[in-house]
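Trainee: 3D, please:
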Amino acid sequence: PAGPAGGLSRAVLSRPALAERLKSLGLPLVPWGHTPAFAELTGSTPGPDALRYESKRAAHELFTQLQPAHPGIRVPQQWQTATRRAAVRLLRARSRAGRATVVKTEHGAGGSGTWVIRDDRLWNYGLWNYGLRSPLPHGPLLLEEFVVGESGPRDLTFDGLVDAEGRVHEAGVAVMDVEETAYQGATVGPGVVPQSLAELLARFGRAVGERIAASGYRGWFDVDFVAGPEGRPAPTEINLRMTGPSVAFMVKARLDEIRGGDHLVRTVDHIPLGARLPGPELFALLRETAKRCAGIDAVLVPSIPTAAFEPAPRLGVVLAAHTRERLDAAEALVRAAAQDTGRMFTP
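Mentor: Prediction:
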């Protein structure tokens, strides 16, 4: 457990009895992010090379090294530019040639520090000059070819865990919901990813896991992909931490245990609310919606209630069911109920 700046780990450390209880369980503590506070909590510090593949440059180098042994994988081209001006020049040349490009900072996370430049017409509206000021940072920057996929799920991920002995364990593969570069949620479970594609992603993901384990990394990791032409997925980054899809994998494992069967689980992190909801109204909405989901044999678990009173209110939930039809029906039900809050709670 570690917040963005180690806040949660610090909170645990401030309660010595709780910290000792967690340590006494003999179970591994897996962080959302490796921070000094988490290292203090666990008494272990990653080695100097353990987190190197969080770098999108280093990850791309690793993908390139592994690709010959995985012919079903297509590693996109990547270029390094020392300055923003050099990046903009290359972007301009590529866009005028009709080639879309992904711009990345080396250590961006969760879609931050990533932009997609698709269309030459943007330059006619001053993006050349705009890019020299913002939104692009000063550099260095990584430019990567935008992989154009075919039909089917585009944004995919493999999740795994490197245990304390350096063994790689597979959590599974998921389909992510991504708008432009912003993560919105993920779906896991039987049939979500076609079997042949899932096996291809898993083989490559395990190979990545073995390499990062050899570098000294321990903990949860994922490898993100985009679907490419001819069914060849393209790896785009490695995350050396727990990420959004890990929630879906863990909820699935728990529900399979307590309810039986093989669940489909979907995290939906951005459901717009029709009105800002204070606590009592939010709890009433969640109780009623969970009851309605249960009526169609689906499960609703609130995951992000803290955004319900923001200027642009939204809700995050985890949904589960034994069939795709019930899962889709549960999502439609939750979205409709969330929008109805505008009528229910707005004066």
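
Trainee: would you put the C-alpha positions of the longest helix along the chain in CSV?
Mentor: Using DSSP state H, we find that the single longest helix of the chain is helix 324-345. Extracted in CSV, the C-alpha atoms of helix 324-345 (Å, rounded to 0.1, in the frame of the first residue of the first chain):
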residue,chain,number,x,y,z
ARG,A,324,-21.2,-10.7,-20.9
GLU,A,325,-24.9,-9.9,-21.4
ARG,A,326,-25.4,-9.4,-17.6
LEU,A,327,-22.2,-7.5,-17.3
ASP,A,328,-23.2,-5.1,-20.1
ALA,A,329,-26.7,-4.8,-18.6
ALA,A,330,-25.3,-3.9,-15.2
GLU,A,331,-23.1,-1.2,-16.7
ALA,A,332,-26.1,0.3,-18.6
LEU,A,333,-28.1,0.2,-15.4
VAL,A,334,-25.4,2.1,-13.4
ARG,A,335,-24.9,4.7,-16.1
ALA,A,336,-28.6,5.4,-16.3
ALA,A,337,-28.9,5.7,-12.5
ALA,A,338,-25.9,8.0,-12.4
GLN,A,339,-27.4,10.3,-15.0
ASP,A,340,-30.8,10.3,-13.2
THR,A,341,-29.1,11.9,-10.2
GLY,A,342,-29.5,15.2,-12.1
ARG,A,343,-33.3,14.8,-11.9
MET,A,344,-33.3,13.2,-8.4
PHE,A,345,-31.0,15.5,-6.5
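
Trainee: what's it packed up against?
Mentor: The helices and strands touching helix 324-345, judged by 3 or more Cβ pairs under 8 Å, 6 or more residues apart in numbering; DSSP states H and E, are strand 264-272, helix 279-294, strand 314-321. In this view, the C-beta of every residue, glycine as well, is placed from N, C-alpha and C.

Trainee: Check which residues of it are buried.
Mentor: 326-327, 329-331, 333-334, 337-338, 341, 345 (16 or more other Cβ atoms under 10 Å).

Trainee: With pLDDT and distance to Asp163 as extra columns, can I get those in JSON lines?
Mentor: Compiled in JSON lines, the buried residues of helix 324-345 are given as follows (pLDDT from 0 to 100; distance: Cβ to Cβ, whole Å):
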{"residue": "Arg326", "pLDDT": "97", "distance to Asp163": "35"}
{"residue": "Leu327", "pLDDT": "97", "distance to Asp163": "31"}
{"residue": "Ala329", "pLDDT": "97", "distance to Asp163": "38"}
{"residue": "Ala330", "pLDDT": "97", "distance to Asp163": "34"}
{"residue": "Glu331", "pLDDT": "97", "distance to Asp163": "34"}
{"residue": "Leu333", "pLDDT": "96", "distance to Asp163": "39"}
{"residue": "Val334", "pLDDT": "96", "distance to Asp163": "36"}
{"residue": "Ala337", "pLDDT": "93", "distance to Asp163": "41"}
{"residue": "Ala338", "pLDDT": "91", "distance to Asp163": "39"}
{"residue": "Thr341", "pLDDT": "80", "distance to Asp163": "44"}
{"residue": "Phe345", "pLDDT": "55", "distance to Asp163": "47"}
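
Trainee: which one among those gets closest to Arg89?
Mentor: Glu331 (44.0 Å; Cβ to Cβ).

Trainee: Quick check: that closest one touching Arg266?
Mentor: Yes. Between Glu331 and Arg266 a contact is recorded at 6.6 Å, counting by Cβ atoms under 8 Å.

Trainee: what touches both of these two?
Mentor: Leu319 (Cβ atoms under 8 Å, 6 or more residues apart in numbering).

Trainee: hang on, the earlier thing: looking at the helices and strands packed on helix 324-345, which is buried most?
Mentor: strand 314-321 (a mean of 24; mean count of other Cβ atoms under 10 Å).

Trainee: That one vs helix 324-345, what angle?
Mentor: Relative orientation of strand 314-321 and helix 324-345, computed by axes from the mean of the first three to the mean of the last three Cα atoms, to 10 degrees: 150 degrees.

Trainee: angle of strand 314-321 against strand 264-272?
Mentor: Using the same axes, to 10 degrees: strand 314-321 against strand 264-272 is 160 degrees.

Trainee: okay, now the nearest residue to Thr114 once chain neighbours are set aside: neighbour count?
Mentor: On the basis of Cβ to Cβ, 6 or more residues apart in numbering, the spatially nearest residue to Thr114 that is not a chain neighbour turns out to be Thr181, at 4.3 Å. By the criterion of other Cβ atoms under 10 Å, Thr181 has 16 neighbours.
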